[in-house]
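> sequence and predicted structure below; questions after.
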Amino acid sequence: MQPITLTAEQHEFRAVVRQFAEDKIGPRAAEIDRDASYSWENFNDCRAMELPALGIPTEYGGAGADHVTQAVMVEELARVCASTSLTILISRLATIPILNWGSEDLKRRYVPRIASGESQGSYCLSEPDAGSDAASMKARAVRDGDDYVLSGTKYWITNAGVSDIYIVFAKTDPDAGSRGISAFVVERDMGLRIGKLEEKLGVRGSPTGEILLDDVRVPVANRIGPEGDGFRVAMATLDRSRPTIGAQAVGIAQGAIDHAVAYMKGRRQFGRPIAELQGLQFMLADMAIKTEAARGLVYRATALIDEGDPRGELTKVGAMAKCFASDTAMAVTTDAIQLLGGYGYVKDFPVERYFRDAKVTQIYEGTNQVQRVVIARNLLG
């Protein structure tokens, strides 16, 4: 089992990514939030650092980094800009089904493109009436010779319109419930269309929108795994991805703490810095305690992925990591606003952005209510 603490190499990696994020990514964060604009500058800077390749195996053009190291990267990006961390996260999510259940042909065709940054990927599971209840999806995939014809609508799709590779889940047997779902790699050029883009509360520099499938023809060779195996692929993918959402939440919380510390040292009231007020010190200490606990849980969950989940704990521990870290991020950013007082409430200071960005971590990749159901069912057998 991987040690609880990071290795010397991981600490060094953190320092490098932190410096990069502060120098290149952070200065644009307020602007892309204000304009709700995707930052190609930030993505290209991440690409120059080879961050899209970090967790991809070396045989497919990646760096082959372990999942704990990937969590460190996401955490440090989210510490300055949650939107940019999501840019890297979402393409990683798109590669998980291909790498774990796709054919060698699919791996060779698509994964190196994502590793190099030439392509970006999205994950298309949710629908307007199928969010937490993904098995109730209505999108169809009908076999027609050497192709499938896909029809339907996917909703809440991160990176919609930016990605050129989409992992799409659709029903090949509408009467078989969750066992009638299959997974496909769909290129945008195959005819997939982008619908409405959402105007969002947070992570505004990452587009979220609907994907329209109007009789899109996809080769049989682009199916991931056997027909009917899509729901299992989708859930197992989320098991491997949720801990990294936890890492994003930890990064958001840490960023809010760092801004609060700097403000408390410089802000004077009653003739002294407010950092000397014990009541505020206690608030700050509690914020740090929760964030460090969340960080440890995230690292444990990601370490389980690296170990191959030998005791079958990943579903439970991954849900715990995502749930606890995102609840922590929401609580910590709320307190950070309180510590800054009126300045925390205005856009001239970044903690209100951290607060808005934190909220979505409690919702996407499974709401925290669903995570608690997953955890409880696992405990009850």
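The structure has been received and is ready for your questions. Since this is a predicted model, take the numbers as computed values, not measurements.

> list the contacts for the closest residue to residue 56 other than its chain neighbours?
Nearest residue to residue 56, sequence neighbours excluded (C-beta to C-beta, 6 or more residues apart in numbering): residue 62, at 2.6 Å. C-beta: built from backbone N, CA, C; applies to glycine. Contact analysis of residue 62 by C-beta atoms under 8 Å, 6 or more residues apart in numbering lists 53-56, 111, 115.

> end to end, how far does stretch 214-233 reach?
24 Å (C-alpha to C-alpha, to the nearest Å).

> contacts for it next, please.
The list of residues contacting stretch 214-233 from outside it, by C-beta under 8 Å, 6+ apart, reads 97-98, 100-103, 105-106, 134-135, 141, 143-144, 146-151, 167-170, 172-173, 176, 178-186, 190-193.

> gap between it and the chain center?
Between the centre of stretch 214-233 and the centre of its host chain there is 23 Å, according to C-alpha atoms, centre = their mean, to the nearest Å.

> how about that stretch: buried residues?
The neighbour-count criterion (16 or more other C-beta atoms under 10 Å) identifies 216, 218, 222-225, 227-233 as the buried residues of stretch 214-233.

> among the residues you listed, name the ones in helices.
Secondary-structure check on the buried residues of stretch 214-233 using DSSP state H: residues within helices are 230-233.

> closest one to residue 85 out of those, please.
For those, the residue nearest residue 85 by C-beta to C-beta is residue 233; the value is 24.4 Å.

> now that closest one: how far from residue 72?
Shown here: residue 233 relative to residue 72, a distance of 27 Å by C-beta to C-beta, to the nearest Å.

> same check on residue 376?
Between residue 376 and residue 72 the computed distance is 30 Å (C-beta to C-beta).

> counting neighbours, go ahead and name the busier of these two.
Regarding residue 376 and residue 72, a neighbour count based on other C-beta atoms under 10 Å identifies residue 72 as having more, with 27 against 11.

> name the element the more buried one belongs to?
The secondary structure element spanning residue 72 is helix 67-80 (assigned by DSSP states H and E).

> what's the model's confidence in that helix, averaged?
The predicted model gives helix 67-80 an average pLDDT of 98.

> can you give me the helices for this protein?
Per DSSP H, the chain has helices spanning 8-20, 26-35, 40-48, 67-80, 82-101, 104-116, 230-266, 278-307, 314-340, 351-361, 368-380. These are given in chain order.

> a markdown table for those helices, including distance to residue 155?
Supplementary listing: these in a markdown table, determined by distance: least, C-beta to C-beta, whole Å:
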| stretch | distance to residue 155 |
| --- | --- |
| helix 8-20 | 32 |
| helix 26-35 | 23 |
| helix 40-48 | 24 |
| helix 67-80 | 24 |
| helix 82-101 | 15 |
| helix 104-116 | 23 |
| helix 230-266 | 15 |
| helix 278-307 | 27 |
| helix 314-340 | 21 |
| helix 351-361 | 15 |
| helix 368-380 | 17 |
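
> of all those helices, which lies closest to residue 122?
Ranking these by proximity to residue 122 (C-beta to C-beta) places helix 82-101 first, at 6.0 Å.

> pLDDT below threshold where in the protein?
Residues of the chain that meet the criterion pLDDT under 70 lie in 1-4.

> ok so, going back, what's the farthest-apart pair in the buried residues of stretch 214-233?
Of all pairs drawn from the buried residues of stretch 214-233, the one with the largest separation by C-beta to C-beta is 216 and 232; the distance is 23.2 Å.

> pull the number of nearby residues for residue 108.
Residue crowding around residue 108 was assessed by other C-beta under 10 Å; the count is 13.
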